[in-house]
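[1] mind folding the following:
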Amino acid sequence: MQGYLSLVLHAHLPFVRHPEHDKFLEENWLFEAITETYVPLIRTMERWLRDGMDTRLTLTLTPTLCSMLLDPLLQDRYVRHLSGLIELAEKEIHRTHWDKPFHDLALLYHRRFLDVRDSYFACGRNLVAAFRQFQELGKLEIITSAATHALLPLLANHPPSIRAQLLVARDHYRSCFGRDPRGIWLPECAYVDGVDIVLQEANIRWFVTDTHGILNARPRPRYGVFAPIFTPNGIAAIGRDLDSAKQVWSKNEGYPGDSRYRDFYRDVGFDLDFDYVKPHLPASDKRGFTGIKYYRITGDSPDKQVYDRHAALEAAADHAQHFLEARMGQIRRLAAILDRPPLLLSPYDAELFGHWWYEGPEFLDFFVRKAYYDQDVFTLVTPSEYLESHPTQQVATPSASSWGEEGYWRVWLNETNEWIYPHLQVAQERMTELARRFENPTPLQVRALRQAGRELLLAQASDWPFILRTGTSPEYARKRVKDHLLRFIALHDQLTRASVDAAWLGELESRDNLFPEINYRYWA
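    Numbers count the residues shown, from 1 in each chain. You can find the predicted model right below:
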């Protein structure tokens, strides 16, 4: 073998759980991802295992995502959601009976939803345990992220907040997977000096950064992004390979834009009679996505052609072959000029595969099979495996960077969301003050301190400023930030007055119920 390739999928969703409502629109983010990405990924890895393939994949499961996947309320609501999809698909089978192209697609969706339901119940509704099984078999490396996916460089003026985000995440990973994480996906691949000090404390050995975080390191790395570097604190930083990223992510050249693939936006939730689809919509008072889509991308024209599943799978196979040949050629060229086997790190959002790009799981399956059976140029590895076999690397300090727009923090710090950070700064300083003040708290005060930590972590999530910037659900994001900050302020006031409202605290604990054993002293 002349080199190595590491595929890293980053699975993350913000913590959205609303027991106060029977049905809540934004909870559908989780339900769609389970149906279209997480269960298909599990089924794909099961087939690799069944066929005796010695495969390797790296997957981030963020603490907020794991908390939702393990939550009984959300599990029940997902089963209700999936039952609704099956019912809608059955209605569609009857409605399209005399229209063969649509009828065949309705049958396809019905089978897929039934298969997802079978897989979900086969693992006891516990997808975290299903992924853990693959890690214990040595086929998958599961890594973590910051507790609520906070953009760590924007917390750099309050180091205890970075410490809490990372150590709470480490503790939560232990509770889910029975071991410490070896790697971490820094939220938005965002790095700044000082983060590696806390990673060292958490005993995390490596992290993913964007390309220019490595290329602009001091001193300049001898092997560019094709080998890790060690920070001065001994943590490996591994940079994203731009060529493999471009072939998937590029708006104009990326595979998901092929005209044969399914169009994400043409959904029966918008196309069919409102009263017909209303029982199956994520919010019953307005149109939305159901997941049943009958058209392919076709082109820029609003006139779309009917989705051809066979043609789409042919496209996925063609693209997998093209991706394989591109990586083989890239590694051959690098191996000829480097004095060590190159490592290509190809990281992507997991939800791209299946949710945004419906044929993504099939592309991944085709590619891994081709890489396993049809070539001898590179080996699929996890970053931890690579570091175990190549423990000597250059020491350099990565530059501040992210994989967001313009490579830094512009997406999360701009005119739409800058109002958040002065409020966060005050809350962060107050949290440290609380953590230092109560040396021997009462049991009720411990509960209040823990809940204050949860509310602060949730307010720090990078998802809210991102949504405010993109404008997808700005009112919801704005309300979430304000609600968590107001709850934190109330808890701070009650703790400082030594008058904690136990009934109200219990309500907060039942609503924002992640990280049950959170250590509030991390902020001290």
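
[2] and F207, how far from P187?
    With distances taken as C-beta to C-beta, to the nearest Å, F207 is found 11 Å from P187. Placement of C-beta: from N, CA and C, glycine included.

[3] mind pulling up the phi and psi values for T298?
    Here is the backbone geometry of T298 (degrees, to the nearest 10): phi 70, psi -60.

[4] going forward, count from 17.
    OK, 17 is where the count begins now, so the last one is T314.

[5] could you check how far it is from R66?
    The spacing between T314 and R66, counted by C-beta to C-beta, is 36 Å.

[6] between the two, which one's more packed in?
    Set side by side, T314 and R66 show more neighbours around T314, with 17 against 8, by other C-beta atoms under 10 Å.

[7] which ones are touching the more buried one?
    S275, D279, K320, Q321 (C-beta atoms under 8 Å, 6 or more residues apart in numbering).

[8] how many residues are close by the second one?
    Going back to what we said before, that points to D279. Neighbour count of D279, defined by other C-beta under 10 Å: 17.

[9] mind listing what it touches?
    D279 neighbours (C-beta under 8 Å, 6+ apart): K309, Y311, R312, I313, T314, K320, Y323.

[10] and the lengthiest strand in the chain, what other elements does it pack with?
    Longest strand of the chain, by residue count under DSSP state E: strand 19-27. If you count contacts as 3 or more C-beta pairs under 8 Å, 6 or more residues apart in numbering; DSSP states H and E, strand 19-27 packs onto strand 73-77, helix 325-353, strand 359-365, helix 376-389, strand 394-396, helix 399-405.

[11] of these, which is nearest Q467?
    Of all these, it is strand 73-77 that lies closest to Q467, at 24.1 Å by C-beta to C-beta.

[12] just the buried ones out of the contacts of T314, please.
    For the contacts of T314, a neighbour count by 16 or more other C-beta atoms under 10 Å gives the buried set as D279, K320.

[13] picking that back up, pick out the most distant pair among the contacts of D279.
    Most distant of these, by C-beta to C-beta, are K309 and T314, 12.4 Å apart.

[14] can you add secondary structure and distance to A299 and give the contacts of D279 back as CSV?
    Below are these laid out as CSV (DSSP: H, G, I helix; E, B strand; the rest coil; distance: C-beta to C-beta, whole Å):
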residue, secondary structure, distance to A299
K309, coil, 18
Y311, strand, 23
R312, strand, 27
I313, coil, 26
T314, coil, 28
K320, coil, 25
Y323, coil, 25
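
[15] dump those to TSV, plus pLDDT and distance to Y364.
    Written out in TSV, the entries for the contacts of D279 read as follows (pLDDT from 0 to 100; distance: C-beta to C-beta, whole Å):
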residue	pLDDT	distance to Y364
K309	98	22
Y311	97	25
R312	97	22
I313	95	19
T314	92	25
K320	94	26
Y323	98	23
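
[16] buried only: go through the residues you listed for me.
    The buried subset of those (16+ other C-beta under 10 Å) comprises K309, Y311, R312, I313, T314, K320, Y323.

[17] just send those back as TSV, with distance to F504 too.
    Compiled in TSV, the buried ones among the contacts of D279 are given as follows (distance: C-beta to C-beta, whole Å):
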residue	distance to F504
K309	41
Y311	46
R312	47
I313	44
T314	49
K320	47
Y323	47
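
[18] and of these, the nearest to R527?
    K309 (33.6 Å).

[19] burial measure for the closest residue in space to I251 that isn't next to it in sequence, as a count.
    Once flanking residues are discounted, I251 sits nearest to D212: 4.5 Å by C-beta to C-beta, 6 or more residues apart in numbering. D212: 22 surrounding residues under other C-beta under 10 Å.

[20] same question, R303
    For R303, the neighbour count with other C-beta under 10 Å is 17.

[21] tell me the contacts of it?
    By C-beta under 8 Å, 6+ apart, the neighbours of R303 are G285, F286, F290, V293, L297.

[22] how far away is it from F286?
    Separation of R303 from F286 (C-beta to C-beta) stands at 5 Å.

[23] ok, the residue nearest to I251 touching T247?
    Yes: the criterion here is C-beta atoms under 8 Å, and D212 meets it with T247 at 4.3 Å.

[24] what do these two both touch?
    A253.

[25] which residues are contacting the least confident helix or strand in the chain by mean pLDDT?
    Within the chain, no helix or strand scores below helix 258-265, which has a mean of 89 by mean pLDDT, DSSP states H and E. Helix 258-265 has contacts (C-beta under 8 Å, 6+ apart) with 227, 241, 269-272, 338-339, 342-343, 346, 360, 362-364, 368.

[26] excluding chain neighbours, what is closest to L65?
    In space, L65 is closest to K155, 6.8 Å off (C-beta to C-beta, 6+ apart).

[27] list the contacts of the one you found.
    M61, W64, L65, D70, T71, R72, L73.

[28] ok, how many other residues are close to the fifth one?
    Other residues near T71 come to 19 when the count uses other C-beta under 10 Å.

[29] roughly how far out does the helix or strand Y292 falls within sit from the chain middle?
    Element membership of Y292 [criterion: DSSP states H and E] is helix 290-293. Here helix 290-293 is found 32 Å from its chain centre; the criterion is C-alpha atoms, centre = their mean, to the nearest Å.

[30] in it, what's buried?
    V293.

[31] let me see the mean pLDDT of that helix.
    Averaged over helix 290-293, pLDDT sits at 95.

[32] any chance you could list what contacts that helix?
    L104, K107, V284, G285, R303, T306.

[33] tell me the spacing between the fifth one and S99.
    Using C-beta to C-beta, one gets 21 Å for the distance from R303 to S99.

[34] so what's Y239 closest to, chain neighbours aside?
    Computed as C-beta to C-beta, 6+ apart, the closest residue to Y239 that is not its neighbour in sequence is L354, at 6.1 Å.

[35] returning to that earlier point: so for the residue nearest to I251, what's the pLDDT?
    For D212, the predicted pLDDT is 95.

[36] likewise V24?
    Reported pLDDT for V24: 98.
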